[in-house]
Each structure stands twice: as structure tokens, then as C-alpha cells.
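K.L.:
I'd like to go over a predicted model; first the sequence, then the structure.
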Amino acid sequence: NSRDTSDLLKDSIPITEFSASGPFEGHDLLRRGFTSAKNELLPSHPLELSEKNFQLNQDKTNFATLRNIQGLHATLKLQMEFRAVKQVQRLPFLHSSNIALDTLRGNDECIGFEDILNDPSQSEIMGEPHVMMEYKLGLL
């Protein structure tokens, strides 16, 4: 029974399925979180993508309006302030409220779903603080 090379390649396991640390490594919960089939599905409703990108679209609209009214310098100044405020956060294993960003956007006096029940995308995940800091600093 001699099989040609195409039969041998058909039965072999592709190397891309192996992880970098080896074929028998478990799922890394610290870096990737829990596995969920829901994350791999396409949006179930046409407005789902629009709702996920609502704040980004709102910011773009506000920047365009500000640019038309006051000029390019006002938009650039506000974008630099946004970028500076987004960089200031707590340690990676603690939740950051981003109160300065809410103040810049004018959302500091509004009460929304995420204020009472927290943002579902930022659920409380407590990991090993030392490992998370080493990962953020690129030591791991």
C-alpha cells in the first residue's frame, strides 16, 4: 500500500493550529478571557454595529461640527485633550472610571446604563497583578 504525497498531506494536521508554546497548551484566560461562541457570531441585528460604534460616530460628528464652526485648531486641540485623557488610567487589573473623558464629552451629568450596572464590555476581571503589569510593560 503505497500512498502518494497528496494523501499524506491530506491526513496531516496543519501547523497553524498549534500555539506558539506548544500543541498541548490550554487556553490562556488571563490574556484572552473566557471562550464564547457568542463572540464569533455575526451581528444579529442591523443596528448592533451602529450601537457599538455610537460614541465614535458621535465624536466624529461633534469634531466635524466644531471644525466647521471654529476651525481646524479647535478640533485638533480637543482631539489632543482626548488622547491625553485616554492615556491616564489605573493599573491594568483595576477598573478605570474615565471621569475626565466623560467631562470632556459632556457626559459627566448624564446617568446611563453603564453607571448603574457597569459597562458589559468591561466586566470585572481580577487577575494576578504582577503578571498583568509585566505583560503590559512587555516583560512577559
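P.N.:
All right, it came through fine.
K.L.:
what about Ala100, how many neighbours?
P.N.:
Ala100 has 15 neighbours, counted by other CB atoms under 10 Å. C-beta coordinates here come from the backbone N, C-alpha and C atoms, glycine included.
K.L.:
who touches it in this structure?
P.N.:
If you count contacts by CB atoms under 8 Å, 6 or more residues apart in numbering, Ala100 has them with 85, 88.
K.L.:
pretty sure it sits in a strand.
P.N.:
No: using DSSP: H, G, I helix; E, B strand; the rest coil, the assignment for Ala100 is helix, not a strand.
K.L.:
measure it to Glu81 for me?
P.N.:
9 Å (CB to CB, to the nearest Å).
K.L.:
likewise for Asp115?
P.N.:
From Asp115 to Glu81 the distance is 22 Å (CB to CB).
K.L.:
try Met132
P.N.:
28 Å.
K.L.:
and these two? Which one has more around it.
P.N.:
Neighbour comparison, Met132 and Glu81: the larger count goes to Met132, with 19 against 13 (by other CB under 10 Å).
K.L.:
let me see the contact set for the more buried one.
P.N.:
30, 91-93.
K.L.:
need the three-state assignment for Asn57.
P.N.:
Classified using three-state DSSP, Asn57 is helix.
K.L.:
find the nearest non-adjacent residue to it, please.
P.N.:
Ser50 (7.5 Å; CB to CB, 6 or more residues apart in numbering).
K.L.:
backbone dihedrals for that neighbour, please?
P.N.:
Per-residue torsions, Ser50: phi -60, psi -40 (degrees, to the nearest 10).
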